[in-house]
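Engineer: Structure for this input, please:
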Amino acid sequence: MDYTSLIGYALALLIGISLGLIGSGGSILTVPILVYIMKVEPFIATAYSLFIVGSTSLVGGIKNYIDKKVDLKAVALFGIPSVITVYITRAYLLPLVPDIISIGSWSIDKNIVLMVLFALVMFTSATKMIRPKKQEEVQDTKPALSGLFIQGILIGLLAGTVGAGGGFLIIPALVLFAKMPMRQAVGTSLCIIAIQSLIGFLGDLGHTAMDWGMLLTFSAISIIGIFIGIYLTRFVPDKNLKKGFGYFVLIMAIYILIKEVFL
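Structural biologist: Numbering: from 1, shown residues only. Just a heads-up that it's a prediction; the model follows:
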């Protein structure tokens, strides 16, 4: 095992810590780590990301359920359309996309498109975490359950396309449409991420060769990290943590765009 792989495995701990602390950010870290440090091809990295983030979130979701921080009704209402969408995307839509995408005389590698799209998703995530949030103030109206259902479909499409669990979008949706307290939204988000990510990963099994040794080792380290993250929630102010993580994500997004577009 070379030193870059050791760095990648060490960073797997950070993925779990992020999920445990803020219920999101796992896949935003996982895909770049797999691609740039573990040297995994981008399309395969999105599949690995679904398994790593899904298995880690499952453990965190179970822990939050035991602590009574999960809304099972929201998990079903949001999770079912999300799971169906992410599975269809991974199993049927993405395999149809050619390795080289051509539009007239212009052509581009699918992997570059995937990483640029992922960087744009990261910009969205960073903006949502850096900007002051006012969702918590809107708690006096009835839950907009139809909006939650539609959000599930849209985020499922995103998760399937770029291998992202979408926690940075799931949590605001739960707070806005389900009128859920922040801490409960984090626990519920982990359950939704776990379901949609693992089901989405099943859609890759017939299309992608898996390095199970690396994948299971990476996931196990990430799972250790999520317990650390859940523990740290007792001491770290959530608002400051999200803003700091948002700036980190923004820097990573800029790096990916520069590397893929200009280098």
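Engineer: Please count neighbours and contacts with C-alpha atoms only from this point.
Structural biologist: Will do.
Engineer: host element of the closest residue to residue 130 other than its chain neighbours?
Structural biologist: Counting by Cα to Cα, 6 or more residues apart in numbering, residue 243 is the residue found nearest to residue 130 once chain neighbours are left out, at 4.5 Å. Secondary structure from DSSP states H and E places residue 243 in helix 238-257.
Engineer: List every C-alpha atom in that helix, with coordinates, as PDB.
Structural biologist: Presented in PDB, the C-alpha positions along helix 238-257 are these (Å, rounded to 0.1, in the frame of the first residue of the first chain):
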ATOM      1  CA  ASP A 238     -23.700  23.700  14.500                       C
ATOM      2  CA  LYS A 239     -23.800  27.100  12.800                       C
ATOM      3  CA  ASN A 240     -20.100  27.700  13.000                       C
ATOM      4  CA  LEU A 241     -19.300  24.200  11.800                       C
ATOM      5  CA  LYS A 242     -21.500  24.400   8.800                       C
ATOM      6  CA  LYS A 243     -20.000  27.700   7.700                       C
ATOM      7  CA  GLY A 244     -16.500  26.400   8.100                       C
ATOM      8  CA  PHE A 245     -17.300  23.200   6.200                       C
ATOM      9  CA  GLY A 246     -19.000  25.300   3.500                       C
ATOM     10  CA  TYR A 247     -15.800  27.300   2.800                       C
ATOM     11  CA  PHE A 248     -13.800  24.000   2.600                       C
ATOM     12  CA  VAL A 249     -16.300  22.600   0.100                       C
ATOM     13  CA  LEU A 250     -16.000  25.900  -1.900                       C
ATOM     14  CA  ILE A 251     -12.200  25.500  -2.100                       C
ATOM     15  CA  MET A 252     -12.500  21.900  -3.300                       C
ATOM     16  CA  ALA A 253     -15.000  22.900  -6.000                       C
ATOM     17  CA  ILE A 254     -12.700  25.500  -7.300                       C
ATOM     18  CA  TYR A 255      -9.800  23.000  -7.300                       C
ATOM     19  CA  ILE A 256     -11.800  20.500  -9.300                       C
ATOM     20  CA  LEU A 257     -13.000  23.000 -11.900                       C
END
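Engineer: Buried ones in it, by neighbour count?
Structural biologist: 241-243, 245-247, 249-250, 252-253, 256-257 (16 or more other Cα atoms under 10 Å).
Engineer: Present the residues you listed as JSON lines; the columns should include pLDDT.
Structural biologist: Formatted as JSON lines, those follow (pLDDT from 0 to 100):
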{"residue": "241", "pLDDT": "73"}
{"residue": "242", "pLDDT": "71"}
{"residue": "243", "pLDDT": "79"}
{"residue": "245", "pLDDT": "76"}
{"residue": "246", "pLDDT": "80"}
{"residue": "247", "pLDDT": "86"}
{"residue": "249", "pLDDT": "81"}
{"residue": "250", "pLDDT": "87"}
{"residue": "252", "pLDDT": "82"}
{"residue": "253", "pLDDT": "85"}
{"residue": "256", "pLDDT": "85"}
{"residue": "257", "pLDDT": "88"}
